[in-house]
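> got a predicted structure plus its sequence, pasted below:
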Amino acid sequence: MKQQQKGKIVIISSPSGGGKTSICQKLLEDNSEWRFSISYTTRTKRESEQNGREYFFVDAEEFESLVLKNKFAEHFRVHLYRYGTPREPLEETLASGGVMLLDVDVKGAQALKKEYPGAITIFIQPPNVEALKSRLTARGTETDEQLQVRFKNAIDEMKSWEEFEYVVINDDLNKAVCEVSSIIWAHSCRTELQDREQMKELLGL
């Protein structure tokens, strides 16, 4: 009998405005059995957001309590706020053979790859700096000071593309979603992930 393949942790990263959140949303629409890792944050909830959907919104005291209990696979201060990836859902996905998408910044991706060396890492690169700046401004959710911090950090993060296994340029959302989906599905065909006993049966051994 074929053994259940170990689950996949898919780390999708980009600078702010790169489009990683939109890509994750469309991937989840197309693959209802996939899961999305909901991070914790001390950031203020935006009007369009719901607690437990985009993020778990907590205050600084509760966040620090979770850190001390080792509840996060990674946690960082990003821009002006703290973000953390809960560990338990990742472990559950690996054990069940599912697919977990993570929408994280570059530092978070680096830390998660150390915790989960078998994770798939994909960097979403905006087509150019002008497009990135336009996307950040169009949000209308940050003050001028916050925008300046995000844009400066985003430029630095764009230089990190070589640290990832795969790079997708997001100049067309549907095309980018298709490319990311192809990467995730194709990963299952890697030689080292195959069931050796099944391969022996195919060869009549």
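Arrived safely, thanks for sending.
> just the helices from this structure, written as ranges.
With DSSP state H, the ranges of helices along the chain come out as 20-30, 60-68, 87-96, 106-115, 129-139, 144-158, 173-187, 196-202.
> can I get those in a markdown table including distance to Phe123?
In short, each C-beta sits where N, CA and C put it, glycine included. Putting the helices of the chain into a markdown table (distance: least, CB to CB, whole Å) gives the following:
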| stretch | distance to Phe123 |
| --- | --- |
| helix 20-30 | 9 |
| helix 60-68 | 27 |
| helix 87-96 | 20 |
| helix 106-115 | 8 |
| helix 129-139 | 14 |
| helix 144-158 | 9 |
| helix 173-187 | 10 |
| helix 196-202 | 32 |
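> can you tell which of the ones you listed is closest to Ser13?
Set against Ser13 and scored by CB to CB, these come closest in helix 106-115, at 4.1 Å.
> for that closest one, name the packing helices and strands.
strand 8-13, strand 72-78, strand 81-86, strand 99-104, strand 120-125 (3 or more CB pairs under 8 Å, 6 or more residues apart in numbering; DSSP states H and E).
> out of these, nearest to Val168?
Judged by CB to CB, the one of those that comes nearest to Val168 is strand 120-125, at 5.6 Å.
> just for this structure, where's the confidence low?
Filtered on pLDDT under 70, the chain yields the residue ranges 1-5, 139-142, 205.
> so what's the residue lying closest to Asn153 once chain neighbours are set aside up against?
Counting by CB to CB, 6 or more residues apart in numbering, His79 is the residue found nearest to Asn153 once chain neighbours are left out, at 6.4 Å. With contact taken as CB atoms under 8 Å, 6 or more residues apart in numbering, His79 is in contact with 16, 146, 149-150, 153.
> burial of Ile11, as a residue count?
26 (other CB atoms under 10 Å).
> for it, give its distance to Val177.
16 Å (CB to CB, to the nearest Å).
> likewise Arg82?
For Arg82 relative to Val177 (CB to CB), the value is 29 Å.
> just put the helices and strands packed on helix 106-115 in a markdown table and tack on distance to Glu49.
Converted to a markdown table, the helices and strands packed on helix 106-115 look like this (distance: least, CB to CB, whole Å):
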| stretch | distance to Glu49 |
| --- | --- |
| strand 8-13 | 19 |
| strand 72-78 | 16 |
| strand 81-86 | 13 |
| strand 99-104 | 14 |
| strand 120-125 | 21 |
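> between these, which one is nearest to Glu62?
Among the helices and strands packed on helix 106-115, strand 81-86 sits nearest to Glu62 (CB to CB), with 10.6 Å.
> direction included, what does the closest one pair against?
Counting by DSSP bridges, the strands paired with strand 81-86 are strand 39-41 (antiparallel), strand 72-78 (antiparallel).
> how close does Ser96 get to Lys8?
On the measure of CB to CB, Ser96 and Lys8 end up 11 Å apart.
> those two: which is more packed in?
Lys8 (22 against 13).
> to Trp34, which of the helices and strands packed on helix 106-115 lies closest?
Short answer: strand 99-104, nearest of these by CB to CB, at 4.4 Å.
> show me the contact partners of that closest one.
7-13, 20-21, 24, 27-28, 31, 33-37, 39, 74, 83, 85, 89-90, 93, 108-109, 112, 184.
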